[in-house]
Structure formats: C-alpha cells, structure tokens
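In: let me see the structure of the following:
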Amino acid sequence: MKKSETQLGVIHAGFSYLLWGLLPIYWKLLDNVNAKEILANRIFWSFIFMVVVLIFTKKWGLFIRTFKGFAQNKKQMYALIIASLLISLNWFIYIWAVNSGHMIEASLGYYINPLVSILLGMVVLKEKLSVPQYVSFVLAGVGVAIITASHGNFPWIAIGLAVSFGLYGLAKKLINVDSAVGLTLETLVVAPIAAIYMAFLFVKDSNAFLTAGIGTDLLLIGAGVATAVPLLYFAKGAQKIPLSLLGILQYIAPTITLLLGVFVYQEHFSKIQLLSFLFIWSALTIFSLSKTKLFSQSGLKVRGEKRT
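Out: Numbering: from 1, shown residues only. Okay, here's the model as predicted:
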C-alpha cells in the first residue's frame, strides 16, 4: 500500500474518532429532550440521510440488490436484525449516560470494548490469545472490580456499552456488505419502530420535536448526519490502514470523552476511579503492544502454538 494512501487512511480514521469523541457535546445540546426521543430521531433521520447519500453516490441499485439478497438469506437477515437492535441499544445507553452525567463511565465502556471484542472472539470464534493478551484481561478485570467495589454496584453503563458494541461487531462479521449500504440496512430495520414511537409521542402531545423550538428540531434532524458522517469516514480510513494502527487510533474517542467529562462538564473523577482507569489503561497498553512485532520477537507465542 502506498505511503500516501496510508496517511490518508490515518486522517480519515482519526477524523472519525475525533468526531465520536466530540459527539457528547452534541447530545448535551439536547439534554432537554428525553433519551428515547433522541434515539428515535437519531435512527429515523440517519436512515433518511443515508438514503440521500446512496442516491448521490449512485449506490441505490447496490442497496436494492443487497436488500433482495438479505431477503433470500435467512442467516444474514437475522444477523442484520440482531446488529440493528444491538447498535440501537448501544446508542440509547450512550445518549442516556451523557445526558445523565455519566460521561466518565461511558468513556470507560469504550476503553473496555476492544478487550470485550477479543474475549468474544476467543469464546465464540475459538480464536487463540497470546500471553500478554491474557494479562491484559486480568488487569482490565481488576480495574472493573475496583470501580464496582468502590461504588457498591456494577458499572452497568460501561459494561453495557462495551458488550453491546462487542456483540454488534460479532454480528457484523456475518454481514459482508458495502459500509454505506450496511448502515442504511441497519437503520431501515429499526426506522419503522422509531417512526411509530415519534408518532406516539406526537399523539400524546409529549414530543419535543416540532414543539421545543427550531434549534431543537434542527439538532434532532442533524442527529442523522452526526451519526452517519463518522461511520462513513471510519469505513474509508479502515480500508487504507493496518488493523493494528486502527486499534491504536480507536482510543482517541474515549480519551476525548473522558477529558470532556472531567474538565468541561465537571463530572467528579475520584482517586478510586483514577486507580481503576490506570488498570484499564495498563491493560490496553499491553494489549496494543501484543499486536506489534515487539512481543512476537520476544518469543511470546500464541497459547497452544507449537514451538519450533
């Protein structure tokens, strides 16, 4: 791959993670709206926006062909439905967490997510892990245990975000389609539910959309763009750079979210939380290094692999 292509990939992927890291600012602007209504609008307008994108990029024909293929392939159709429900759940937890003052715990969820994804790969796909990767799981487990013991309850926001996105990634492995077409299909599955809920709120006269002011209306409509643009840039970047580099870049988003929570929105960040994060960061450092030549050259082989 040409160096210029790799550099362009880093810019695209880095920009997508930058946008994801700053996304809490967007949801904070909508803290006067119920999280469920934000989610419904996010899904509905994401679908509308993606339809426009497909038409302008001349991928509508590909979308129709892919849609017909899913209708004939039950396995992929079920995987699509599951993926759609999981990403919707992930979006809801994140929006609720940000607007309820739990931005720090939300960032923790996305720090843990890569480790959850690898754990799912090990359990479900029978993938082998190296010794350093096992160590990273132990350290991450200690970090989660510390924050659980200190609060007296399970950090369900962080774990919910990590597990839902990890399972979403697993379901996506069964769906091999163009990224723009895939996002359109995923939002299509849940868009009718979102539309029905929006109509229900309208009938009950408890909707914020079209009643809370033009600023709120534009932000709710813009949620579709705010959702789709980072995903499209991520897809463009992921095609041009190695997976190991992409794995390092993904920590940009939760780091920005953590900094926003502590320094902009003044969420309390205790010494216990710092200790927990230190264990998580140590786990991620070891995990990231385990995917480089440093560990492979040191003789730390994948467990179960025969030594020569």
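In: and the next helix or strand past the helix or strand where residue 187 lies?
Out: Assigned by DSSP states H and E, residue 187 belongs to helix 179-203. Next helix or strand after helix 179-203 toward the C-terminus (DSSP H and E): helix 214-238.
In: buried ones in that following helix, by neighbour count?
Out: Buried positions in helix 214-238, judged by neighbour count with 16 or more other C-beta atoms under 10 Å: 216, 219-220, 222-224, 226-228, 230-238. Using the backbone N, CA and C atoms, a C-beta is placed for each residue, glycine as well.
In: packing partners of the helix or strand that residue 8 is a member of?
Out: Counting by DSSP H and E, the element that carries residue 8 is helix 3-28. Helix 3-28 sits against helix 74-99, helix 214-238, helix 243-249, helix 252-259, with contacts defined as 3 or more C-beta pairs under 8 Å, 6 or more residues apart in numbering; DSSP states H and E.
In: wait, residue 59 sits on residue 178?
Out: Yes - judged on C-beta atoms under 8 Å, residue 59 makes contact with residue 178 at a distance of 6.7 Å.
In: what sits up against the following helix or strand past the helix holding residue 8?
Out: Note on helix 3-28: by DSSP H and E, the next helix or strand toward the C-terminus is helix 35-56. If you take C-beta atoms under 8 Å, 6 or more residues apart in numbering as the criterion, helix 35-56 is touched by 27, 30, 59-60, 62-63, 88, 91-92, 95-96, 99-100, 180-181, 183-184, 187-188, 190-191, 193-195, 197-198, 201, 207-209, 220-228, 232.
In: how about 6 Å then?
Out: Helix 35-56 is contacted by residues 30, 60, 63, 91-92, 95-96, 180, 183-184, 187-188, 190-191, 194-195, 197-198, 208, 220-221, 223-225, 227-228 when judged by C-beta atoms under 6 Å, 6 or more residues apart in numbering.
In: equivalent analysis for stretch 77-85, please.
Out: Stretch 77-85 is contacted by residues 70, 168, 171-172, 174-175, 185-186, 189-190 when judged by C-beta under 6 Å, 6+ apart.
In: one more: stretch 8-26?
Out: 98, 103, 226, 230, 233-234, 236-237, 240-241, 246, 249, 252-253, 256-257, 260.
In: quick one on the thing from earlier: next one: the helix holding residue 8 to chain centre, how far?
Out: Helix 3-28 has its C-alpha centroid displaced from the chain centroid by 13 Å (C-alpha atoms, centre = their mean, to the nearest Å).
In: got the angle for that helix vs helix 35-56?
Out: Angle of helix 3-28 versus helix 35-56, following axes from the mean of the first three to the mean of the last three C-alpha atoms, to 10 degrees, is 140 degrees.
In: rounded mean pLDDT for helix 3-28, please.
Out: For helix 3-28, the mean pLDDT works out to 91.
In: in that helix, what counts as buried?
Out: 9-10, 12-21, 23-24, 26-27.
In: now residue 208: how far from residue 31?
Out: As judged by C-beta to C-beta, to the nearest Å, residue 208 and residue 31 stand 11 Å apart.
In: these two: which is more packed in?
Out: Neighbour count, other C-beta atoms under 10 Å: between residue 208 and residue 31, residue 208 has more, with 19 against 13.
In: which residues does stretch 194-206 contact?
Out: When contacts are defined by C-beta under 6 Å, 6+ apart, stretch 194-206 is touched by residues 40, 43-44, 207.
In: noted, bye for now.
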